[in-house]
Structure formats: C-alpha cells, structure tokens
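>>> one predicted model, sequence on top.
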Amino acid sequence: MGAGTGPRGSRPTVADVAREAGVSVATAGRALGGYGRVREDLRARIREAADRLGYSPNAIARSMRSGGTRSIGFIGADIANPYFAAAMRGVCDVARAEGYEAILFNVDDRLDVERNAVQVLLDKQIDGIVVSPTSVTDVGHLRRAQERGVPVVLLDRTSPLVDADSVVIDNVAAARGATAHLLDRGHRRIGLLASIDPAEGPELVAAPGGAGLGVRGAARPSVDRIRGFLAALDERAVTADRELVRFGPFLDVTTAEREAVALLSLPDPPTAVFAAENVTTQGLYTAARRCGRAVPGDLSLVGFDDLDWTSLVDPPVTVVAQSPIDMGRAAAERLFRRIKGDDAPRERIVLPTRLVVRSSTAEL
C-alpha cells in the first residue's frame with residue numbers, strides 16, 4: 001500500500017493503519033487518539049505504520065475522544081424479550097464490579113435506531129459497547145465505533161464483516177439436538193417454527209444432490225437453527241417437507257401463534273414441532289391448546305429457552321436451555337479486557353446449551 005493512500009487510492013483510515021501494524025482497529029484508534037491503555041511497543045508500531053501510510057487523524061474525531069468516562073453501552077434488540085433482559089443483567093453486574101456504569105439502549109430490532117444508539121454512545125465518549133446487532137451484514141456503524149478507538153463485543157450474533165469478539169451459542173448443534181430428540185421418539189413428520197429478520201431472511205433450497213432441503217442465508221441464530229433442524233432430518237434420511245418449515249418476522253406471541261395455528265391446521269399436520277425461539281415456543285404452545293391438540297398425546301413439542309413458564313405449565317415443556325445472563329457476563333468481561341489494552345486476535349466465545357427433557361414429547 002502506497003504512502004498516503006488506503007485501499008483503491010483512498011485516504012488511509014484507522015482500519016488501514018491497524019491492518020498495516022497487525023493490531024485491532026480499537027487498539028489503533030486508542031494509540032492514534034492518545035487515550036486508553038496501549039503497550040508502548042504497540043503504540044510505537046502503530047505510529048510507524050501510520051507514518052508509512054501517511055495517515056492524518058481527523059481533527060474533529062480526535063477532539064471528541066479525550067479520555068474515558070468509566071461507562072459502557074449495552075444495545076439490546078428487544079429488552080421485552082426475557083433473553084435480552086437477562087443478558088443486560090449480566091452486562092450490568094460486570095460493569096458494576098469494574099466500577100463502571102452501563103448505559104442501556106433498546107432498539108426494537110430496528111437498524112436505524114441501533115445506528116443512532118451507537119452515535120449517542122460515541123458522543124458520550126463511551127469506553128466500550130456490547131451489542132446484539134440487528135444486522136450481521138450492515139455493520140458500518142460498528143466499524144466506525146472501532147475506528148474511534150471504542151472496543152465492540154457482539155452478543156448472540158456474530159459477523160465476519162466486523163473485527164470484533166463475539167459471545168454466542170452453537171445454534172446449529174442446539175437445533176440438531178432438539179430435532180434428534182423428536183426423531184428418537186419415532187417422529188418423522190416434524191414441523192419447524194422460527195422467527196427471522198425479513199431483511200436477512202433465509203431461503204429454502206434443494207439440498208446438494210436434489211434430496212431434501214437446505215437453507216441459504218446470513219449466519220443469524222434463527223437461520224442457523226433452521227440449518228440444524230434440516231441437518232438432523234438429513235442425518236436420519238428423513239425428507240423435510242417444505243410446508244412444515246415455517247418462518248417469518250414473528251416479533252410477538254400473537255403473530256407466532258397465528259402461524260402455528262396454520263401449521264397445525266394442515267390437512268396432514270405434523271406430529272411434532274420444534275419452536276426455535278422463546279416467542280415461537282409460547283406461540284406454539286398456545287396454538288396447540290386453541291386447536292385442541294393435546295400435548296404430548298396429539299403433538300410433541302420442543303421449544304427454545306428455559307423460561308419460568310415452561311416448567312410451570314401442564315405439561316412442562318422440553319426446551320433447549322441457554323444462559324443469557326452468563327452470555328452477558330462473558331461479553332462484558334471480554335469488553336473490559338479490550339478496554340484494559342488486550343490486543344489478542346478477535347475471539348468467538350461459544351457457551352454451552354443443554355436439552356432439558358420434560359413432558360411435552362412422547363413416543364409416536
């Protein structure tokens with residue numbers, strides 16, 4: 001790369017300097033901005049890289065970042081969802097232990113609101129951000145935060161387009177295990193109910209070789225759970241039926257229930273259904289009652305997230321359990337390592353899930 005130029009002859013950016021120096025964008029931002037903790041050897045390497053590229057920091061951006069505020073931001077997709085409420089608690093617990101305050105944003109799964117939240121946090125000279133990104137493909141605002149020297153950690157979702165740590169679960173394996181549980185009980189006509197982002201929604205396609213179904217789409221939790229569901233069927237040589245695979249923007253229980261009723265009202269309905277989120281789990285459970293389908297006598301059901309209600313209803317629901325509070329803690333702990341100067345390569349931290357078997361499934 002020539003002096004004074006970034007990719008394709010453009011003015012060099014912090015990201016260009018970071019790439020030249022072999023460090024993260026956030027570390028380069030801190031070194032070039034003269035704030036935060038950066039090892040002296042790294043600081044010197046970054047400045048040498050900046051000199052080679054002819055990098056000149058933007059005076060306005062530099063003036064807006066003059067020191068830490070001992071606060072971090074948490075941007076949640078939907079705080080009304082118990083998952084994000086618990087994750088928020090985990091983030092806040094770690095922040096408090098570190099002597100920091102957490103500024104919380106609920107963005108209702110809207111990218112425009114998320115972009116604005118990031119800008120507000122930057123204006124407040126935040127020290128770092130934990131975010132569950134609305135989009136895994138439109139992440140320019142997160143990269144810009146890093147270029148300002150603000151570490152970013154992704155929660156629940158990851159993106160190859162932003163050089164950031166992430167805390168996730170193995171959604172493919174979790175869905176595969178849930179579906180295998182139903183297959184082990186003799187079910188072959190198994191439905192799926194999943195909530196997806198229509199902007200990055202999946203597409204069902206013919207699997208290689210023409211047998212069965214595959215899914216094409218961004219690596220989001222919901223899409224990966226569809227992948228796991230279809231993989232489990234394929235492993236048992238069970239052909240997936242397109243009319244049993246239902247997904248859409250089911251943002252509340254009412255819309256999820258409506259789709260579940262349509263699924264259960266088919267002329268040849270499924271004998272079992274895997275609901276891939278907590279919202280679709282509740283929608284499916286209420287739809288079964290509305291349709292007069294006894295669980296598990298007429299319908300076996302596996303849901304996602306071990307919420308309190310799933311163990312209190314009759315019958316209690318078999319679920320894939322994850323720990324959002326532990327995920328929030330892990331994300332915040334990783335963020336504080338970055339704030340304190342850790343410049344190790346980005347890490348994808350995968351927390352475990354487990355299948356909690358209760359009474360909502362039965363042998364066919």
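Thanks, I have the structure now. Numbers count the residues shown, from 1 in each chain.
>>> point out where the chain drops to low pLDDT.
Scanning the chain with the threshold set as pLDDT under 70 gives 1-10, 34-36, 57-68, 210.
>>> which residue ranges of it form strands?
71-76, 101-106, 129-131, 152-155, 165-169, 190-195, 203-206, 213-216, 245-248, 272-275, 300-304, 318-321, 348-351, 354-356 (DSSP state E).
>>> now these in TSV, with mean neighbour count and distance to residue 230?
The way it works is simple: take the backbone N, C-alpha and C, and place the C-beta from them, glycine included. Output for these, formatted as TSV (neighbours: other C-beta atoms under 10 Å; distance: least, C-beta to C-beta, whole Å):
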stretch	mean neighbour count	distance to residue 230
strand 71-76	25	29
strand 101-106	16	33
strand 129-131	28	29
strand 152-155	27	25
strand 165-169	23	18
strand 190-195	26	8
strand 203-206	12	9
strand 213-216	16	6
strand 245-248	20	8
strand 272-275	30	11
strand 300-304	27	15
strand 318-321	22	16
strand 348-351	14	21
strand 354-356	14	18
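>>> out of those strands, flag the one nearest residue 14.
strand 152-155 (13.4 Å; C-beta to C-beta).
>>> how far does the closest one sit from the chain's center?
With C-alpha atoms, centre = their mean, to the nearest Å as the basis, strand 152-155 stands 9 Å off its chain's centre.
>>> packing partners of it?
strand 129-131, helix 140-147, strand 165-169, helix 324-339 (3 or more C-beta pairs under 8 Å, 6 or more residues apart in numbering; DSSP states H and E).
>>> got the contact list for that strand?
Here strand 152-155 makes contact (C-beta atoms under 8 Å, 6 or more residues apart in numbering) with 26, 87, 128-133, 142, 145-146, 162, 164-168, 327-328, 331-332, 334-335, 338.
>>> now do the contacts for the residue nearest to residue 143 when sequence neighbours are not counted.
For residue 143, ignoring the flanking residues on the chain, the nearest one in space by C-beta to C-beta, 6 or more residues apart in numbering is residue 162 at 5.6 Å. Counting by C-beta under 8 Å, 6+ apart, residue 162 touches 139, 142, 143, 146, 152, 154.
>>> now do residue 162 against residue 139, distance only.
5 Å (C-beta to C-beta, to the nearest Å).
>>> same check, this time on residue 37
Where residue 139 is concerned, residue 37 sits at a distance of 25 Å (C-beta to C-beta).
>>> which one's more surrounded, those two?
residue 139 (22 against 14; other C-beta atoms under 10 Å).
>>> the residue nearest to residue 143 and residue 258, how far apart?
On the measure of C-beta to C-beta, residue 162 and residue 258 end up 35 Å apart.
>>> now do residue 147
44 Å.
>>> and those two? which has more neighbours close in?
Ranked by neighbour count (other C-beta under 10 Å), residue 147 and residue 258 place residue 147 first, with 22 against 14.
>>> pretty sure the more buried one contacts residue 13?
Yes - in this structure, residue 147 is within contact of residue 13 by C-beta atoms under 8 Å, at 6.3 Å.
>>> what about the strands of the chain, which gets the closest to residue 233?
strand 190-195 (7.1 Å).
>>> tell me the angle the closest one makes with strand 300-304.
30 degrees (axes from the mean of the first three to the mean of the last three C-alpha atoms, to 10 degrees).
>>> show me how far strand 190-195 is from its chain's centre.
19 Å.
>>> redo the contacts of residue 162 as TSV? Include distance to residue 232.
Shown next, in TSV, are the contacts of residue 162 (distance: C-beta to C-beta, whole Å):
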residue	distance to residue 232
139	31
142	33
143	36
146	37
152	34
154	27
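>>> please, where are all the helices along the chain?
Counting by DSSP state H, the chain has these helices, from start to end: 14-21, 25-33, 40-53, 59-64, 82-97, 111-123, 140-147, 171-184, 221-235, 253-264, 278-290, 308-312, 324-339.
>>> any idea how far the closest residue in space to residue 95 that isn't next to it in sequence lies from residue 125?
Counting by C-beta to C-beta, 6+ apart, residue 95 lies nearest to residue 102, which is 4.4 Å off, once chain neighbours are set aside. Counting by C-beta to C-beta, the gap from residue 102 to residue 125 is 15 Å.
>>> so residue 351 sits against residue 323, correct?
Yes - assessed by C-beta under 8 Å, residue 351 is found in contact with residue 323 at 6.7 Å.
>>> who are the contact partners of residue 299?
By C-beta under 8 Å, 6+ apart, the residues touching residue 299 are 264, 270, 271, 272, 273, 288, 293.
>>> looking at the strands of the chain, which is closest to residue 54?
strand 152-155 (26.7 Å).
>>> center of this structure, which residue is that?
residue 157 (2.0 Å; C-alpha atoms, centre = their mean).
>>> dump the residue contacts of residue 252.
Contacts of residue 252 (C-beta under 8 Å, 6+ apart): residue 279.
>>> for residue 278, see how far away it is.
In terms of C-beta to C-beta, residue 252 sits 11 Å off from residue 278.
>>> now residue 22, nearest residue through space, not along the chain?
Nearest non-adjacent residue to residue 22, counting by C-beta to C-beta, 6+ apart: residue 45, 7.7 Å away.
>>> ok, which of the strands of the chain comes nearest residue 363?
So among the strands of the chain, strand 300-304 is nearest, using C-beta to C-beta, at 8.8 Å.
>>> give me the helices and strands touching the closest one, please.
Against strand 300-304 (3+ C-beta pairs under 8 Å, 6+ apart) you get helix 171-184, strand 272-275, helix 278-290, strand 318-321.
>>> in its sheet, what does that strand sit against?
strand 272-275 (parallel), strand 318-321 (parallel) (DSSP bridges).
>>> make CSV out of those and add distance to residue 235.
Shown next, in CSV, are the strands paired with strand 300-304 (distance: least, C-beta to C-beta, whole Å):
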stretch, distance to residue 235
strand 272-275, 15
strand 318-321, 18
